[in-house]
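Enquirer: here is a sequence with its predicted model. Questions after.
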Amino acid sequence: MDRIRIVGGKRLNGTIPISGAKNATLPLMIASLLTPERLTLENVPSLADVVLLGRILGNHGVDLTVQGKRANGPGANGGNGVANGHAGANNHGFPGRIFHLQAEEIVDTTAPYDMVSRMRASFWVLGPLLARMGEARVSLPGGCAIGTRPVDLHLMGLEKLGAEISIDEGYVVARAPKGLSGNRVVFEKVSVGATHNVMMAATLAKGETVIENAAREPEIVNVAECLRAMGAVISGEGTAAIRIQGVDTLRGARHRVLPDRIETGTYAMAVAMTGGEVHLEGAEPALLQAALDVLVEAGVSITPKNDGITVARNGHALRSVNVSTAPFPGFPTDLQAQLMTLMTRADGTSTIRETIFENRFMHVQELARLGAEIKLDGDTATISGNAHLKGAQVMATDLRASVSLVIAGLAAEGETTVNRVYHLDRGFERLEQKLSACGAEIERLTG
Ligand code: EPZ
């Protein structure tokens, strides 16, 4: 199994191109189920999760071509520019590839356990399949490393649109033989996935749907823009109330995936950690203002430019901060682990409260192996600053936790090996290439 080896202590200097957002790409690919016509996506990142979703959609009948080559049908090598989940190995299309997805016919409305359990976002096929075919059978995703992650809000929302839902042998069986009907859907808790699922389903429902307490994440906005290009009638995305007027059919469209705000924030924190100056090319500050504000508070210099964001820390000590994660526009849970790593080097004690997922602290024990002092009390971590980090063998069971260990390794004394690299390949395109181009001593050890 691949590992990442890092020799810490090098400052980062240079330019890092920011890829298309994983968490927009996945629902955008799923949106292809809503139309028999071709959906073209630009700026698609080369990631293991994208490959896996391509295969899952292939089972439903979506024909996927990547840069003009068939990628998920019979005889395809499943490459999508990513070999065996190793992002970057065959990535000739960088920056950003073009995907054509076409579900001329839905050949299967079942999403099996072995697929959905490997990638939770594939559960989001439920709404689009139901809306287009009047039925869907999608495996419940099962357990997850970062918390229990139920799907009750997804099911409640689709039931409000008229679906009959039952659970059978671990599968959600949803039926709407006469089609879905628009309704008012009020989420008691903000959920990105449930908002995507219901928004996509409502595009083909009869009449108007209003989603209240909707997620406001930029990826929701990006998907709504794509759906509109496909002929959907949607307004209010990016606010807590999204209105969707159902239409009979959707058409093909061409759409660009927005830049990855979590990748942007991750590299910004890496630079803050090591010192140096890096331009994050293509990054958009508005997508992660809360995180940039925290970095400024910590003493990091952030300069928005026409084509990205320049991040610098030259000589200044890092100040401690107190942060709670929150739905957008708050500080993202997907940057919590990276900020925690950074705060191990701050001058003073910091606190970080995780309010989205109840179990998203698995990086704490691994950071301790590198010399960090972090105390956990319920949903709050207290991080002692000025830690002397020393390289060690570490691993994590989640994508963002894994990358927080990479950031720690960049600043630790000596050699750090991060195991279970497949987590990183799920969400960070060409991580080692991007960092080594800026002076990091980092390499992938294969096998
Ligand atoms: C999305 O997950 C992201 N995934 C996650 O990123 C991200 O951490 C999360 O949103 C929060 O921002 C993708 O976009 C593919 P939620 P999602 O539904 O949609 C509870 C990463 O590292 N909840 O917004 O699954 C849930 O348990 C990943 O890229 C219910 O109670 O998250 C959580 O506490 C990890 N019932 C909260 O809501 C439900 O039916 C928010 O979860 C659904 C969710």
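Expert: Nice, thanks for sending it over.
Enquirer: residues of the chain that sit close to the ligand?
Expert: For the chain, the contact set with the ligand under C-beta under 6 Å from any ligand atom comprises 23, 26, 120-121, 147, 149-154, 189, 191-194, 333-334, 356-357, 399-400, 427. To be clear about C-beta, it is placed using only N, CA and C from the backbone, and glycine gets the same treatment.
Enquirer: put the buried members of those residues into a ChimeraX selection.
Expert: Of the residues of the chain next to the ligand, the buried ones go into a single ChimeraX selection, burial set by 16 or more other C-beta atoms under 10 Å:
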select :23,26,120,121,149,151,153,154,191,192,193,194,333,334,356,357,399,400,427
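Enquirer: list the strands paired with the lowest-mean-pLDDT helix or strand in the chain, with their directions.
Expert: The weakest-scoring helix or strand in the chain, judged by mean pLDDT, DSSP states H and E, is strand 69-70 (a mean of 81). Note on strand 69-70: by DSSP bridges, its sheet partners are strand 63-66 (antiparallel).
Enquirer: hang on, the earlier thing: check which element follows the least confident helix or strand of the chain along the chain.
Expert: strand 97-102 (DSSP states H and E).
Enquirer: mind exporting that following strand as CSV, just the C-alpha atoms?
Expert: Only the C-alpha atoms of strand 97-102 are listed here, as CSV (Å, rounded to 0.1, in the frame of the first residue of the first chain):
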residue,chain,number,x,y,z
ARG,A,97,-10.2,17.6,-17.3
ILE,A,98,-13.4,17.6,-19.4
PHE,A,99,-16.0,14.9,-18.6
HIS,A,100,-18.9,14.1,-20.9
LEU,A,101,-21.7,12.2,-19.1
GLN,A,102,-24.7,10.9,-20.8
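Enquirer: after that strand, next one along is what?
Expert: Using DSSP H and E, the next helix or strand after strand 97-102 towards the C-terminus is strand 110-111.
Enquirer: tell me the bridge partners for Ile302.
Expert: Beta-bridge pairing for Ile302 (DSSP bridges): Val311.
Enquirer: residues in contact with the residue of the chain most remote from its centre?
Expert: Distance to the chain centre peaks in the chain at Lys178, reaching 34.2 Å (criterion: C-alpha atoms, centre = their mean). Shown in contact with Lys178 (C-beta atoms under 8 Å, 6 or more residues apart in numbering): 134, 162.
Enquirer: am I right that it sits in a strand?
Expert: No. Using DSSP: H, G, I helix; E, B strand; the rest coil, the secondary structure at Lys178 is coil, not a strand.
Enquirer: for the helix or strand hosting Val323, packing partners?
Expert: Using DSSP H and E, Val323 sits in strand 322-324. On a contact count with 3 or more C-beta pairs under 8 Å, 6 or more residues apart in numbering; DSSP states H and E, strand 322-324 meets strand 350-353.
Enquirer: partner strands of the host helix or strand of Ile242, with direction?
Expert: Assigning secondary structure by DSSP H and E places Ile242 in strand 241-245. If you go by DSSP bridges, strand 241-245 pairs up with strand 208-212 (antiparallel), strand 233-235 (antiparallel).
Enquirer: possible to save those strands as TSV with mean pLDDT and mean neighbour count?
Expert: Output for the strands paired with strand 241-245, formatted as TSV (pLDDT from 0 to 100; neighbours: other C-beta atoms under 10 Å):
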stretch	mean pLDDT	mean neighbour count
strand 208-212	98	19
strand 233-235	98	15
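Enquirer: please produce a markdown table containing those, extended by distance to Asn43.
Expert: Shown next, in a markdown table, are those (distance: least, C-beta to C-beta, whole Å):
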| stretch | distance to Asn43 |
| --- | --- |
| strand 208-212 | 26 |
| strand 233-235 | 21 |
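Enquirer: the ones you listed: which one's closest to Val257?
Expert: strand 233-235 (17.9 Å; C-beta to C-beta).
Enquirer: check the offset of that closest one from the chain's centre.
Expert: Counting by C-alpha atoms, centre = their mean, to the nearest Å, strand 233-235 is centred 24 Å from the centre of its parent chain.
Enquirer: for stretch 152-160, give the mean pLDDT please.
Expert: Stretch 152-160 carries an average pLDDT of 98.
Enquirer: list the contacts of that stretch.
Expert: 123-124, 126-127, 130, 165, 172, 174, 180, 183-185, 187-189, 191, 193-194, 197-198, 201, 211.
Enquirer: give me the buried subset of the residues you listed.
Expert: Neighbour counting with 16+ other C-beta under 10 Å marks 123-124, 126-127, 130, 165, 172, 174, 180, 183, 185, 187, 191, 193-194, 197-198, 201, 211 as buried within these.
Enquirer: which residue would be the closest one in the stretch 1-150 of the chain to the ligand?
Expert: Proximity to the ligand, evaluated over the stretch 1-150 of the chain using C-beta to the nearest ligand atom, is greatest for Asn23 at 3.4 Å.
Enquirer: leaving aside the residues adjacent along the chain, what's closest to that residue?
Expert: Distance criterion C-beta to C-beta, 6 or more residues apart in numbering; nearest residue to Asn23, sequence neighbours excluded, is Glu219 at 4.8 Å.
Enquirer: what is the burial count for the one you found?
Expert: By other C-beta atoms under 10 Å, the residues close to Glu219 number 26.
Enquirer: now the one 4 residues further on
Expert: Other residues within reach of Val223 by the criterion other C-beta under 10 Å amount to 27.
Enquirer: quick one: the residue farthest from the centre of the chain from Gly134, how far?
Expert: 8 Å (C-beta to C-beta, to the nearest Å).
Enquirer: ditto for Glu225
Expert: As judged by C-beta to C-beta, Glu225 and Gly134 stand 27 Å apart.
Enquirer: of those two, which one has the most company?
Expert: Legend: neighbour count by other C-beta under 10 Å for Glu225 and Gly134, higher for Glu225 (20 against 16).
Enquirer: quick one, the helix or strand where that one lies and strand 208-212 angle?
Expert: Assigned by DSSP H and E, Glu225 belongs to helix 218-229. Here helix 218-229 runs at an angle of 170 degrees relative to strand 208-212 (axes from the mean of the first three to the mean of the last three C-alpha atoms, to 10 degrees).
Enquirer: how distant is helix 218-229 from the center of its chain?
Expert: Mean-position distance between helix 218-229 and its chain equals 15 Å (C-alpha atoms, centre = their mean).
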